[in-house]
Each structure stands twice: as structure tokens, then as C-alpha cells.
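[1] Below is the sequence, then the predicted model.
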Amino acid sequence: MIVICDASPIIALAAVGRLDLVRNLYGDVAVPRAVRAEVAAGPGGSELLAGTRWLIARDALRRDVVAELEIEVDSGEAEAIALALELEADLLVIDDRRGRMLAARRGIPFVGVVGVLLEARSRGLLDAVRPVLDDLRDLAVFRLSDSVRKEALRIAGESLAGD
């Protein structure tokens, strides 16, 4: 399975100590140069990248495609989408709304952090989605609409009480 990951899912899941879910679900994951730079620029980012050898550096070779995509999204999303196109990836892990819309238009299957959590829950890698969503909100300042949160909890089969 070929999986490409954008920076925000890596940063958010690492902030709450759940980046392991990506590794456990997908194995080795390709990460383009701009994404690695974005992750490295954050607090503890260089150490994170050094400690996760399964995040494999892969560059998008079609720089013309990257440049075209950068008209609509930032360089990290552009490189991730371009690399997904080049490698005919099975999945792109991306949260940016514009990036997801662009990936959809290009026919790239994608999932965001919530999708990762739901898949991990369905495979028995995560006991509950709610505590991780709470941590993402409280520790990673991860923005998630109330409707998406409620739908995720419904899909996970977790009580909506308190929401």
C-alpha cells in the first residue's frame, strides 16, 4: 500500500502521542520535502522525524505539477498531492480543506486525522475516539467542527452525551 502524508496529521497526532496509529495502519509512509520541512520547523519536529524512520522521504519529481498545485494550496499540500499522483498512491492523509478538495478533483483517495482515528478504532488499535478528539482539541489546538465531531463519535459507536 502506498500512503502519502501531509504535515498537519503528523503534527497533530504526534502532539497527542498517537502518531503510532499511522504506522500501525499503513506501515511506511512517504513524506515529501516540504512536508518534512514543515514538521521539522515545529517544536521537537527534527527529533520526531529522526525517531520515525517509517516516515520515508520521497520527493515529487514533477515540479511543474507542484507549481500548478501551489496556485491553490501551500507547498506541503502541493507536494503531497503531486507525489500521490506520481506514485498512484492508495491513500493521501491530509486535513487541509482546500487540499482535500483538490485531491478529490484529481481522484486521489484521502483521509484526515478523524478518518485515521475511525479506522484505528474499527481495527481494534484504539479503544475510543472521544479521548483522542479531546486531546487533539485541548493539546494540539486541532480545529474540528461540532458536526464532524458528532458524526465521528456516532460512527465510532460512542455516546454523544456531553457533546
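    Arrived safely.
[2] just checking, what packs against the longest helix belonging to the chain?
    Longest helix in the chain, counting residues (DSSP state H): helix 75-87. If you count contacts as 3 or more C-beta pairs under 8 Å, 6 or more residues apart in numbering; DSSP states H and E, helix 75-87 packs onto strand 3-5, strand 29-31, helix 33-41, helix 63-69, strand 91-93, helix 97-105. All C-beta atoms are positioned from the backbone trio N, CA, C, and that covers glycine.
[3] Would you tell me which one of those is buried the most?
    Neighbour counts (mean count of other C-beta atoms under 10 Å) averaged over each of these peak at strand 3-5, with a mean of 27.
[4] quick one: average confidence on that one?
    Confidence for strand 3-5, expressed as mean pLDDT, is 98.
[5] from the middle of its chain, how far away would that strand be?
    Strand 3-5 has its average C-alpha position 8 Å from the chain's average C-alpha position, going by C-alpha atoms, centre = their mean, to the nearest Å.
[6] so what secondary structure elements neighbour that strand?
    Counting contacts by 3+ C-beta pairs under 8 Å, 6+ apart, strand 3-5 packs against strand 29-31, helix 75-87, strand 91-93.
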